[in-house]
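Participant: return atomic coordinates for the entry below.
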Amino acid sequence: MNMPKYDSIFNAEEYTDEPLNEAEGLASIVLIAALADNPQDLVAPDLFLDILADFDLYAEYSDEDLLSMVDSLTAIAADKGLGALFNAADEAIPDDLVPDAYAAAMLAKMNPDTGEIPATAQVFLKELQSVLDIDDEEAAEVTAEVQKAFEQVEG
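Facilitator: Purely as a prediction, here's the structure:
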């Protein structure tokens, strides 16, 4: 049987010591998307700020608050693993924010210069779509919205 590439993240048994709130949950999805292919990478804080600034959930957060959140989530990922962080995020994100979580992951995987999503990233996003129970139609809608938003920013 062929295990999905990201099975260690999406089917992990581990959990974080503390539950996350929904803002931390959504930010965790960005972090997981950014680190899934290269867990040793350091994620550029600017990437987080740029992505999270697009979501109303973070309107009341200062840059310092967001960077502090990212630091603590990165520490959890280093200590407990991306799988534990995903499980906590999955529990923290309410159903109405699931499309946002998917969009945030897509933004983290997107080439910032071209707006294209590399083939390797598409594998991650497909598995994420499955574990978040997003159907293909909704995934296509989110993808179209993200691409449109990117084009508006770049245009």
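Participant: buried ones in the helix or strand bottoming out on mean pLDDT in the chain?
Facilitator: Taking mean pLDDT, DSSP states H and E as the measure, the helix or strand of the chain with the lowest value is helix 45-52, at a mean of 86. Judged by neighbour count using 16 or more other C-beta atoms under 10 Å, the buried positions of helix 45-52 are 47-48, 51-52. Where C-beta positions appear, they are placed from N, C-alpha and C, glycine not excepted.
Participant: isn't residue 133 up against residue 95?
Facilitator: No. In this structure residue 133 lies outside contact range of residue 95 using C-beta atoms under 8 Å: 9.0 Å.
Participant: contacts for stretch 103-120, please.
Facilitator: 26, 29-30, 32-34, 37, 47, 51-52, 54-55, 121, 124-125, 128, 142-143, 145-147, 150-151, 154 (C-beta atoms under 8 Å, 6 or more residues apart in numbering).
Participant: can you say which of those are buried?
Facilitator: Buried residues within these, counting neighbours by 16+ other C-beta under 10 Å: 26, 29-30, 32-34, 47, 51-52, 55, 121, 124-125, 128, 142-143, 146, 150.
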